[in-house]
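J.: curious how this folds, go ahead:
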Amino acid sequence: MRAYEHKVQYYETDKMGIVHHSNYIRWMEEARVDFMEQIGWGMDRLEELGMVSPVTGVECKYKVSTKFPERIRIEVGIEEFRGVKLKLRYAMYKEDGTLVCEGHSEHGFLDTNGKIISVKKEFPGCYAALMEYADCVKEQ
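T.: Next comes the predicted model:
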């Protein structure tokens, strides 16, 4: 799995010249979308098939600050997958390997009417792709 790379943009920095903390959450989203595309289940495909995956929780632990125009490598992994709940982990690194930030995001799976769905039952191909990358699997 290829890590996602983000180039820090000038507008992402604050008056002190460092990246504003809220941007790390956005980068997690960028990396998640890229991860889903890499496994063949991009967000556009899921939506076309009638599934949405809302964020139900997010956590971010900052280690060191970043600045414009650094490049940040974001590694994504599946920490937990329950068929109806997905927990992803993120590790962000500077080009020299310095850990910048660690985080998690949690996601549910809904149909277009807002009803909770089982990915295993409704989208077995997506389920299989996610299971291939899951480190810790607990089914419901």
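J.: count the residues that sit near residue 5.
T.: Neighbour count for residue 5, taken as other C-beta atoms under 10 Å: 13. For the C-beta atoms, the positions are set from N, CA and C on the backbone; glycine is no exception.
J.: what does residue 13 give?
T.: Residues within reach of residue 13, counting by other C-beta under 10 Å, total 18.
J.: ramachandran angles for the closest residue to it other than its chain neighbours?
T.: Spatial nearest neighbour of residue 13, excluding adjacent residues (C-beta to C-beta, 6 or more residues apart in numbering): residue 68 at 5.3 Å. Dihedral angles of residue 68 (phi, psi; degrees, to the nearest 10) stand at phi -70, psi 140.
J.: and residue 68, how far is that from residue 11?
T.: Residue 68 sits 9 Å away from residue 11, going by C-beta to C-beta, to the nearest Å.
J.: list the residues that contact residue 102.
T.: Residues in contact with residue 102, defined by C-beta atoms under 8 Å, 6 or more residues apart in numbering, are 60-61, 63, 89-92.
J.: mind checking the SS state of the residue nearest to residue 40 when sequence neighbours are not counted?
T.: Leaving aside its sequence neighbours, residue 40 sits nearest to residue 129 (C-beta to C-beta, 6+ apart; 5.8 Å). State at residue 129, reduced to three classes by DSSP: H, G, I helix; E, B strand; the rest coil: helix.
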